[in-house]
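1. Below are the sequence and a predicted model; questions follow.
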Protein chains: 2
Amino acid sequence: MCKNNVIGSGQGSPFGARIAIRNKKHRGTTAGMCPGYTQANVVILPKDEADAFLNYCLLNPKVAPILEILPPGSYRPRIAPGADIRRDIPLYDMYMDGYFEGSYSDIQELWQSDFVTFIMGCSFSFEQELIREGIPIRHIDMKKTCPMFKTSLPCNPYGFLYGNLIVSMRPVRDDHIERAIKISSLYPKAHGGPIQIGRPEEIGIRHIMLPDFGDVVPIGPDETPLFWACGLTATYAVLNSRPRLIITHHPHCMFITDIRINELKNFDDTLGL
Amino acid sequence: MCKNNVIGSGQGSPFGARIAIRNKKHRGTTAGMCPGYTQANVVILPKDEADAFLNYCLLNPKVAPILEILPPGSYRPRIAPGADIRRDIPLYDMYMDGYFEGSYSDIQELWQSDFVTFIMGCSFSFEQELIREGIPIRHIDMKKTCPMFKTSLPCNPYGFLYGNLIVSMRPVRDDHIERAIKISSLYPKAHGGPIQIGRPEEIGIRHIMLPDFGDVVPIGPDETPLFWACGLTATYAVLNSRPRLIITHHPHCMFITDIRINELKNFDDTLGL
């Protein structure tokens, strides 16, 4: 999947991938790119909206695990040297007053000096570790986007930010479930272990073949659907608050960081805050 | 507003209004039509989806106050003699698997013998009583649709049916508030008294000029926004469950019943169940 990343410091490196994205040589989903590195959700808000969002994240760490917060106006993350947060994501979505405004492949012209950028871990990060341990990921094998569902579980509200948990789903062969739980649980900064195993109806999901976001993937007779917290939850909580402006990555089009997946296990964001 | 209702048993009668709607002589919102009569939300579901919805309604009587439930296949409500539920609503919306499928001005060709129809009171019913008592209704005066908002208040879930309360908003002059509360509280089968007065932020509404549904209406300096439970809550709870099929009235295009607003005060649906 990283075949486009021939520019920069070598194939498959996060730097190379980001440059390929910046130069529009890679477009679309980042699932499967740069195995061994952490992928991230990005939420960009004007300063006066940012404080409430930080509180929401801290109240919901499983949903919104913070990797780095850039100070107002900064677009240079420490966790991705050489990166430009305004250019290195394949597609950005902008909302004004809670209404979708448009998608952009570059937000340099939209940038404001009061923009605060939140970078939060994504479950794409541990998918390669599951694959490396012999647990295939259906949506990567099928070149589809991961199915995601709204649930009946409310997250902790903060002020105007509220909403139910959104989850990603991956079918796992029954004899792999225990290891899938163990491996993903090592990465709390990428949503950690699954929040539900095999009983979608208990979290308000009635039709497993009707995801609210992403693609449908088949579930084999010897497989069980596992559900992980999804970063989209935080985006929808912000949208419920109808912020004047929010820019976020388009679903599945994540920001690729230089944090190695092994470093992520013990990642301490308090150093960066 | 009832000027079209010249057919049937006289101007302004519910029967006349329904015939005008049936013959496409009246289209669009029913707000302000047939003063003194009860207007209603309608939810039509296949029998195998209907039992869960009934339980949801019983758990959330403020949101979904049942006036009548028609047995499978029936389209002749007792509370509206001569009516045909397949033809007497200005516009119907159909959803399949939770996805919007289309709007129809007549559903005779879509009708199935297993359809169960729920008829539930709407706050349009008491608006005329407020007007009669000298409390003007802004959206009627402005010929707009009533503004409605999603809130942060979860309703009682039942199985796959869940979701937060949706409210309608009417600005009321400060010296009218007490009477507006008293009058609307007389009609529990039309959502009853307001659930919140003057503090939208306490129920997760940040921008009073950004309704989630309906139109914006101005609020004067001597006025306070009052919030009532809205029947749209129940529709969205059903949609979250992704039913195979649901047909419902288009927002603001209600079913006009023969229940006089005075009868509604003591309306006992247990006789009809």
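-> It's in. Residues are numbered from 1 along each chain as shown, chains lettered A, B, ... in the order given.

2. how about the strands of the stretch 51-200 of chain A, start to end?
-> Taking DSSP state E, counting those that start in this stretch as the criterion, the stretch 51-200 of chain A carries its strands at A:66-70, A:92-96, A:99-104, A:115-121, A:148-154, A:164-173, A:196-197.

3. Any buried residues in the longest one, and which?
-> Going by neighbour count (16 or more other C-beta atoms under 10 Å in any protein chain shown), the buried part of strand A:164-173 is A:164, A:165, A:166, A:167, A:168, A:169, A:170, A:171, A:172. Backbone N, C-alpha and C define where each C-beta goes, glycine included.

4. pretty sure residue A:254 contacts residue A:91?
-> No: look at residue A:254 against residue A:91 with C-beta atoms under 8 Å: they stay out of range, at 10.3 Å.

5. neighbour-wise, which of the two wins?
-> Set side by side, residue A:254 and residue A:91 show more neighbours around residue A:254, with 25 against 17, by other C-beta atoms under 10 Å in any protein chain shown.

6. State the phi and psi torsions of the closest residue to that one other than its chain neighbours.
-> In this structure, residue A:254 finds its nearest non-sequential neighbour in residue A:39, 4.1 Å apart by C-beta to C-beta, 6 or more residues apart in numbering or on different chains. Per-residue torsions, residue A:39: phi -100, psi 150 (degrees, to the nearest 10).

7. if I pick residue A:39, what's in contact with it?
-> For residue A:39, the contact set (C-beta atoms under 8 Å, 6 or more residues apart in numbering or on different chains) comprises A:30, A:33, A:121, A:122, A:124, A:125, A:254, A:255, A:256, A:257.

8. Tell me how many other residues surround the fourth one.
-> Residue neighbour count, defined by other C-beta under 10 Å, stands at 30 for residue A:122.

9. The spatially closest residue to it that is not a sequence neighbour pairs with what?
-> Spatial nearest neighbour of residue A:122, chain neighbours left out: residue A:39 (4.6 Å); criterion: C-beta to C-beta, 6+ apart. Beta-bridge pairing for residue A:39 (DSSP bridges): residue A:256.

10. Tell me the one among the buried residues of strand A:164-173 nearest to residue A:131.
-> Nearest to residue A:131, judged by C-beta to C-beta, of these is residue A:170 at 11.1 Å.

11. The closest one and residue A:144 touch, don't they?
-> No: if you go by C-beta under 8 Å, residue A:170 and residue A:144 don't touch, sitting 11.7 Å apart.

12. Which one, of the strands of the stretch 51-200 of chain A, ends up nearest to residue A:261?
-> Closest of these to residue A:261 is strand A:115-121, at 10.4 Å (criterion: C-beta to C-beta).

13. just checking, what packs against that closest one?
-> When contacts are defined as 3 or more C-beta pairs under 8 Å, 6 or more residues apart in numbering or on different chains; DSSP states H and E, strand A:115-121 sits against strand A:37-46, helix A:47-59, strand A:66-70.

14. Close to chain B: what parts of chain A are there?
-> A:97-98, A:150, A:152, A:154, A:157, A:159-160, A:162, A:164, A:201, A:204-207, A:210, A:240-242 (C-beta under 8 Å from any C-beta of the partner chain).

15. so what pLDDT did the closest residue to chain B within the stretch 1-150 of chain A get?
-> Of all residues in the stretch 1-150 of chain A, residue A:97 sits closest to chain B, at 5.5 Å by C-beta to the nearest C-beta. pLDDT for residue A:97: 93.

16. thinking again about what came up before, most widely separated two among the contacts of residue A:39?
-> Taking C-beta to C-beta, the two most distant members of the contacts of residue A:39 are A:33 and A:121; they sit 15.4 Å apart.

17. that older thread, could I get the helices and strands packed on strand A:115-121 as CSV with mean pLDDT?
-> Listed next are the helices and strands packed on strand A:115-121 as CSV, based on pLDDT from 0 to 100:
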stretch, mean pLDDT
strand A:37-46, 96
helix A:47-59, 95
strand A:66-70, 95
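
18. Who are the contact partners of residue A:204?
-> Applying C-beta under 8 Å, 6+ apart, the residues near residue A:204 are A:150, A:151, A:152, A:153, A:164, B:157, B:160, B:162, B:240.

19. picking up where we left off before, buried by neighbour count, from the contacts of residue A:39: which ones?
-> Buried members of the contacts of residue A:39, counted by 16+ other C-beta under 10 Å: A:30, A:33, A:121, A:122, A:124, A:125, A:254, A:255, A:256, A:257.

20. got TSV for these, with pLDDT and distance to residue A:197 too?
-> What follows is the buried ones among the contacts of residue A:39, written out as TSV (pLDDT from 0 to 100; distance: C-beta to C-beta, whole Å):
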residue	pLDDT	distance to residue A:197
A:30	90	26
A:33	90	27
A:121	95	21
A:122	92	20
A:124	87	20
A:125	88	20
A:254	95	25
A:255	97	29
A:256	97	29
A:257	97	28
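
21. What are the phi and psi values at the residue lying closest to residue A:111 once chain neighbours are set aside?
-> Using C-beta to C-beta, 6+ apart and skipping the chain neighbours, the partner closest in space to residue A:111 is residue A:86 (5.5 Å). Main-chain torsions, residue A:86, degrees, to the nearest 10: phi -80, psi -10.

22. try residue A:194
-> Note on residue A:194: its backbone torsions stand at phi -60, psi 150 [degrees, to the nearest 10].

23. which ones are touching it?
-> Here residue A:194 is in contact with A:180, A:181, A:184, A:226, A:227, A:228 (criterion: C-beta under 8 Å, 6+ apart).
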